[in-house]
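> Provided below are the primary sequence and the corresponding predicted coordinates.
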Amino acid sequence: MENVKDLDPEIYALVKQEEKRQSDKIRMIASENYVSLAILQTTGSVLTNKYSEGYAGKRYYEGQQIIDQVEQLAVQRAKDLFGAEHVNVQPYSGSPANIAVYLAFLNPGDTILGMALPHGGHLTHGAQVSISGRYFNAQAYELDAVTGLLNYDTIREKTLAVRPKILIAGHSAYPRILDFARFRAIADEVGALLMVDMAHFAGLVAGGVHPSPVPYADVVTTTTHKSLRGPRGAMILCKAKYAQAIDKAVFPGIQGGPHDNTTAAIAVALKEASSAAFKEYARQIIRNAKTLAQSLMAKGFTLITNGTDNHLMLVNLTNKNISGKRAAKALDKAGIVVNYNAIPFDTRKPFDPSGIRLGTPALTSRGFKEKEMLLVSDFIEKVIADPDNDLFLQQTAEEIRILCSNFPAPGLEHLCKPESK
Ligand code: DSN
């Protein structure tokens, strides 16, 4: 970063502060992670200088001798890792990927059916504030009010009633495994396409600890930077018969030139995700989440669905007499970064809801295991019990900084000199 330091000391200082924040705190936002130094370096490479509208072998600018190879490598690695017939690696991120799928298959006003946003769905699954809810007839299914689980009978009833052109499975805040065979069967009853947004759990699928949607879905979208631990970007995986429609929808449908530096970093991430070490990483994400869930429940925390099968948990804080926002702010001061989150059938407003969402991908990347999850659970319990005690929060932040110094985060190893308390 020496050149940045000389040219732009303000941005340099901010980047350094963010490095320290990421190193010193326990990051539990379920969609975040730490990429490797190799991925950081590739993202910052000269590939950022190139324009390459089109696809390998059919571009609109010259000079693609290298870029074509980069993109072909990324595509091939994604096909091999996920067993997909066709992959597009160009979407800028998850939201454009989902919108590209709609452009490929829908006309304005057509019906889509996805998980309701307050129940764990994503904005682009048909929320009214999103283009997906404004340009299409967006219908939603909800979780079961008693169990907090998806109820496939009610999803089927809703599907039969609204007859969507696309049935969407996938979520941002649902702690259980999805039954893709059941979604497929429901979609088939009305001749709908099945789209699975696996952004949150793509790394778990790659690591073999979550069922793959690829054999069941017509189209699978995913970001590349969550549990998959790549750069910020996205991919669309689909059956070969949809390849042309998807490619045309991404470019020229909604995007111009792909970000070739990101494409290369996605290729690196896919290589990492194909390794035995990544399989172990994925297993540990789940072991950590289950350990934390059990420990929090033993302390009287209410978890939606009473636990987790994946990398995240949703905590209903109502019985702790604290709102999600107040809890998230206190935890952040104490060195644990989470997001406040609506719970199903929340009676509070989305900007200050009843829950928090906790995820284990990032802390697992820095080497936290079951033992550390019990410490995290203790920290969370104490902070939630005393959220306004600034001195205590500061002391906790220092304890957490010392704990973190013993677990250097990928890409930030240079900041950590192990300390003991
Ligand atoms: N913003 C992401 C999340 O936190 O789940 C979804 O795209």
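Okay, I see it.
> going forward, measure contacts and count neighbours with C-alpha atoms only.
Noted.
> just the CA trace of stretch 389-403, in PDB.
Extracted C-alpha coordinates of stretch 389-403, given in PDB (Å, rounded to 0.1, in the frame of the first residue of the first chain):
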ATOM      1  CA  ASN A 389     -22.300  -0.200  30.400                       C
ATOM      2  CA  ASP A 390     -19.700   1.500  28.200                       C
ATOM      3  CA  LEU A 391     -16.800   0.700  30.400                       C
ATOM      4  CA  PHE A 392     -17.700  -3.000  30.400                       C
ATOM      5  CA  LEU A 393     -18.100  -2.900  26.600                       C
ATOM      6  CA  GLN A 394     -14.700  -1.300  26.200                       C
ATOM      7  CA  GLN A 395     -13.100  -3.900  28.400                       C
ATOM      8  CA  THR A 396     -14.800  -6.700  26.500                       C
ATOM      9  CA  ALA A 397     -13.500  -5.200  23.200                       C
ATOM     10  CA  GLU A 398     -10.000  -5.300  24.600                       C
ATOM     11  CA  GLU A 399     -10.400  -8.900  25.600                       C
ATOM     12  CA  ILE A 400     -11.700  -9.700  22.200                       C
ATOM     13  CA  ARG A 401      -8.900  -7.900  20.500                       C
ATOM     14  CA  ILE A 402      -6.400 -10.100  22.400                       C
ATOM     15  CA  LEU A 403      -8.300 -13.200  21.600                       C
END
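> where's Gly83 relative to Thr111, distance?
29 Å (Cα to Cα, to the nearest Å).
> the more surrounded of these two?
Thr111 (21 against 15; other Cα atoms under 10 Å).
> residues touching the more buried one, list them.
136-139, 162-166 (Cα atoms under 8 Å, 6 or more residues apart in numbering).
> filter those down to the ones in helices?
Among the contacts of Thr111, DSSP state H puts Val162 in helices.
> so which helix or strand takes in the closest residue to Thr48 other than its chain neighbours?
Nearest residue to Thr48 in three dimensions, chain neighbours excluded: Asn261, at 4.9 Å (Cα to Cα, 6 or more residues apart in numbering). Applying DSSP states H and E as the criterion places Asn261 in helix 260-273.
> show the pLDDT at the closest residue to Gly44 other than its chain neighbours.
Distances taken as Cα to Cα, 6+ apart place Asn261 nearest to Gly44, at 7.0 Å, with adjacent residues excluded. Per-residue confidence (pLDDT) for Asn261: 98.
> from what I see, Asn261 and Thr42 are in contact.
Yes: counting by Cα atoms under 8 Å, Asn261 touches Thr42, with 6.4 Å between them.
> what residue ranges in the protein score low on pLDDT?
Applying pLDDT under 70 to the chain flags the ranges 418-421.
> so in it, which helix runs the longest?
Longest helix in the chain, counting by DSSP H: helix 276-298.
> now for that one, which elements pack on it?
helix 202-206, strand 312-316, helix 361-365, helix 370-385 (3 or more Cα pairs under 8 Å, 6 or more residues apart in numbering; DSSP states H and E).
> doesn't Pro344 belong to a strand?
No: secondary structure assignment (DSSP: H, G, I helix; E, B strand; the rest coil) places Pro344 in coil, not in a strand.
> which residues touch it?
Applying Cα under 8 Å, 6+ apart, the residues near Pro344 are 118-120, 143, 145, 148.
> top of these by neighbour count?
His119 (25 neighbours).
> hmm, that one is touching Asn341, no?
No: counting by Cα under 8 Å, His119 stays clear of Asn341, with 9.9 Å between them.
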